[in-house]
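Peer 1: Fold the following, please.
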Amino acid sequence: MEAPLRRVWQARTLNPIFDAPIAGDTTVLAQSVHEVYGFWARDGALRWQFPQTGGRWMQWVLRTRFGPVVHGSVDGRWRVVGLGFDGAPRWSLPAERHGTLGAPSRDGRGLWLAEKPKGGRSRVRRVDRDGAVVAKYDALDHVTHLLEVEGALLLAGAQRGTEGLYRMALPSGDIERVWSGATELVARHAGRTFVSDYSADWSRLVALDDHFAEVWTARANLPDFHRGRVLAMTPGDGGARVASLDARTGAVAWSRAVAEARPLTRVVGVADLACVDVWSLD
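Peer 2: Numbers count the residues shown, from 1 in each chain. So this is what the prediction gives:
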């Protein structure tokens, strides 16, 4: 290995960090139960922190071109807050505690919010960089994931009891189901749309073409999309293996057993490395 990973810096936080930090060119974002931290990427020094409270699984932080966006309980009320690059709040919108999702807009000038009011169907809002709501749409009965592609939003969720992937045309808001299945993931990489249908211990990862026809499928969990490849945990020999698949064809470039690896072990691509989150490895 020409360039092994080495520790450049480390930082400590008052409360546990459960989700993976989000690395940018200047700032690394990390979210704990009670605050969001911004660390300088060059040396790990604390740049800022933003307080919030709430349930661990209902909070999130999103990196955008115009600064971090945070969803959480702020001063006792659930809100979506746009922060400046210095961590200071710039704008704030009321939000639902359960089922509020966020995704950057394709042009980088705003973001999409999907929310499910209590007792109602989900709705989608387009928000600009200054927090102004510039478009509203009725969505599915329930939305679990969203992604903007050219001319449309892809919505994973359920409509009238049918789970699957739905395409919402923009700006008309017309909705059609393009794939059926209990969709837990929507991603776009190397000219393919990926969905994941979870069942038992292993998910069914499906690659779709531009017409949403299935091109290839694999039993794979927690995929990471990196340089035209899909890195994921796959079954093998009664356990789990790290595998690298061609994103367009599904062909397995290589797979390798790793001690202590499990179906929910995570693997991510970093430069020319596949990095595996296994406690016994340094």
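
Peer 1: Go ahead and confirm W48 touches G84.
Peer 2: No: with contact defined as Cβ atoms under 8 Å, W48 does not count as touching G84 (9.2 Å). C-beta coordinates here come from the backbone N, C-alpha and C atoms, glycine included.

Peer 1: if you count what's nearby, which of these two comes out ahead?
Peer 2: Between W48 and G84, counted using other Cβ atoms under 10 Å, W48 has the larger neighbour count: 18 against 13.

Peer 1: and that one, what does it touch?
Peer 2: 37-38, 86-88 (Cβ atoms under 8 Å, 6 or more residues apart in numbering).

Peer 1: about what we covered before: need the overlap of contacts for W48 and G84.
Peer 2: Residues touching both W48 and G84 (Cβ under 8 Å, 6+ apart): none.

Peer 1: Secondary structure for the contacts of W48 - can I get that in a markdown table?
Peer 2: Converted to a markdown table, these look like this (DSSP: H, G, I helix; E, B strand; the rest coil):
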| residue | secondary structure |
| --- | --- |
| Y37 | strand |
| G38 | strand |
| D86 | coil |
| G87 | coil |
| A88 | coil |
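
Peer 1: What segments of the chain are helices?
Peer 2: For the chain, no helices are identified by DSSP state H.

Peer 1: where are the low-confidence patches of it?
Peer 2: Applying pLDDT under 70 to the chain picks out residues 1-3, 54-57, 279-282.

Peer 1: 50 instead?
Peer 2: Judged by pLDDT under 50, the chain has its weakly predicted residues at 282.

Peer 1: A207 versus the closest residue to M58 other than its chain neighbours, what's the distance?
Peer 2: Residue nearest to M58 in three dimensions, not counting chain neighbours: R97, with 5.9 Å by Cβ to Cβ, 6 or more residues apart in numbering. Distance, R97 to A207, by Cβ to Cβ, to the nearest Å: 34 Å.

Peer 1: out of the two, which sits in the busier spot?
Peer 2: Applying other Cβ under 10 Å to R97 and A207 shows that A207 carries more neighbours, namely 25 against 16.

Peer 1: which of the contacts of W48 count as buried?
Peer 2: Using 16 or more other Cβ atoms under 10 Å as the burial test, these include 37-38, 87 as buried.

Peer 1: Bridging across strands, which residues link to the nearest residue to L185 once chain neighbours are set aside?
Peer 2: Take L185 and drop its neighbours on the chain: the residue closest to it by Cβ to Cβ, 6+ apart is S196, 3.8 Å away. For S196, the beta-bridge partners under DSSP bridges are L185, L205.

Peer 1: can I assume S196 is in contact with T183?
Peer 2: Yes: at 6.9 Å, S196 and T183 qualify as touching, with contact defined as Cβ under 8 Å.

Peer 1: neighbours of the residue nearest to L185, just the number please.
Peer 2: 22.

Peer 1: can you map out the strands along the stretch 151-282 of the chain?
Peer 2: 152-159, 162-169, 175-180, 183-189, 192-199, 202-208, 214-219, 221-226, 229-236, 239-246, 252-257, 267-270, 273-276 (DSSP state E, counting those that start in this stretch).

Peer 1: possible to save those strands as CSV with distance to F66?
Peer 2: Shown next, in CSV, are those (distance: least, Cβ to Cβ, whole Å):
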stretch, distance to F66
strand 152-159, 20
strand 162-169, 24
strand 175-180, 28
strand 183-189, 22
strand 192-199, 26
strand 202-208, 31
strand 214-219, 35
strand 221-226, 24
strand 229-236, 30
strand 239-246, 34
strand 252-257, 37
strand 267-270, 26
strand 273-276, 29
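
Peer 1: among those, which is nearest V69?
Peer 2: Among those, the nearest to V69 by Cβ to Cβ is strand 152-159 (17.4 Å).

Peer 1: Go ahead and name everything in contact with the closest one.
Peer 2: Against strand 152-159 from outside (Cβ under 8 Å, 6+ apart): 112, 114, 122, 124, 139-148, 163-170, 175, 177, 183-186, 193, 195.

Peer 1: Now the buried members of the residues you listed.
Peer 2: Counted by 16+ other Cβ under 10 Å, those give 112, 114, 122, 124, 139-140, 142-148, 163-168, 170, 175, 177, 183, 185-186, 193, 195 as buried.

Peer 1: Any idea what the nearest residue to F225 once chain neighbours are set aside is bridged to?
Peer 2: Spatial nearest neighbour of F225, chain neighbours left out: H189 (3.8 Å); criterion: Cβ to Cβ, 6+ apart. Beta-bridge partners for H189, by DSSP bridges, are R192.

Peer 1: Before I go, just wanted to say thanks for your time.
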